[in-house]
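Novice: no sequence on hand, only this structure:
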């Protein structure tokens with residue numbers, strides 16, 4: 001059996017980070033948590049990451065990289081950029097779930113992927129990958145049937161009020177999927193983006209023509225699904241993505257379909 005992945009979780013005190021810590025600690029066969037990182041001044045600095053744990057929360061990202069096989073990063077764009085640069089210097093792969101990067105930051109991340117494997121996804125849910133592939137297939141079929149020109153496509157998303165980026169990274173990814181499939185353009189300002197209560201995430205794509213309407217909707221009902229998806233990727237990371245490069249959920253799902261995921 002392979003040795004457990006030595007894992008550093010950045011943003012360990014956040015909503016996603018705390019779930020990642022919980023889920024990783026449940027799976028001692030696959031993961032050995034060696035580092036838990038938060039920003040300087042965070043209330044948890046110096047405290048055990050969970051009660052009775054030997055791992056204490058630190059702001060010293062450089063130090064924890066020394067015993068890491070992989071970093072999982074769910075923080076803010078500016079923090080993720082700094083950590084990706086540090087990880088590249090230390091030659092430690094990084095899995096990023098942070099959203100809201102500017103195009104310049106995104107270009108910098110992709111340049112860093114020439115030094116280390118970088119996996120980025122705005123949504124770690126397998127269900128969203130299924131939705132992306134489904135709307136691409138619907139889009140192509142509508143044009144094949146001669147219905148593309150008379151069909152209006154719209155995209156909506158709803159998240160909790162604390163989500164900073166608007167529209168969401170997932171919504172942008174869905175729009176990009178339609179553009180790649182058939183050239184359907186949905187601009188950011190055309191996405192109906194709502195921020196309500198504690199909604200985890202709802203995304204809908206609607207194809208509307210004079211005779212019928214098709215709507216594909218994905219709703220995350222438990223934030224834990226994103227942590228579980230990220231850790232499924234992490235568990236298979238060193239086998240699937242051993243070389244420097246830019247990777248995403250499509251690469252992972254392709255490997256899954258080939259039976260390469262365990």
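Specialist: Received the coordinates, thanks. Note that this is a predicted model, so its numbers are computed, not measured.

Novice: what's the spacing between residue 100 and residue 163?
Specialist: Using CB to CB, to the nearest Å, one gets 9 Å for the distance from residue 100 to residue 163. Yep, even glycine has a C-beta here, placed from its N, CA and C like the rest.

Novice: for the two, indicate the residue with more neighbours.
Specialist: residue 163 (19 against 16; other CB atoms under 10 Å).

Novice: now do the more buried one against residue 170, distance only.
Specialist: 11 Å.

Novice: also residue 110?
Specialist: 19 Å.

Novice: who's more crowded, these two?
Specialist: residue 170 (22 against 13).

Novice: kindly confirm my reading that that one is in a helix.
Specialist: Yes - note on residue 170: a helix contains this position according to DSSP: H, G, I helix; E, B strand; the rest coil.

Novice: now stretch 87-96: buried residues?
Specialist: Buried residues in stretch 87-96, counted by 16 or more other CB atoms under 10 Å: 87-88, 90, 92-96.

Novice: now those residues in a markdown table, with secondary structure, pLDDT and distance to residue 40?
Specialist: Shown next, in a markdown table, are the buried residues of stretch 87-96 (DSSP: H, G, I helix; E, B strand; the rest coil; pLDDT from 0 to 100; distance: CB to CB, whole Å):
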| residue | secondary structure | pLDDT | distance to residue 40 |
| --- | --- | --- | --- |
| 87 | helix | 98 | 18 |
| 88 | helix | 98 | 21 |
| 90 | helix | 98 | 19 |
| 92 | coil | 98 | 21 |
| 93 | coil | 98 | 25 |
| 94 | strand | 98 | 20 |
| 95 | strand | 98 | 23 |
| 96 | strand | 98 | 21 |
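
Novice: three-state assignment of residue 53?
Specialist: coil.

Novice: that one: neighbour count?
Specialist: Neighbours of residue 53 (other CB under 10 Å): 14.

Novice: contacting residues for the residue nearest to residue 66 when sequence neighbours are not counted?
Specialist: Closest residue to residue 66 apart from its sequence neighbours, by CB to CB, 6 or more residues apart in numbering: residue 90 at 7.5 Å. Going by CB atoms under 8 Å, 6 or more residues apart in numbering, residue 90 touches 62, 65-66, 68.
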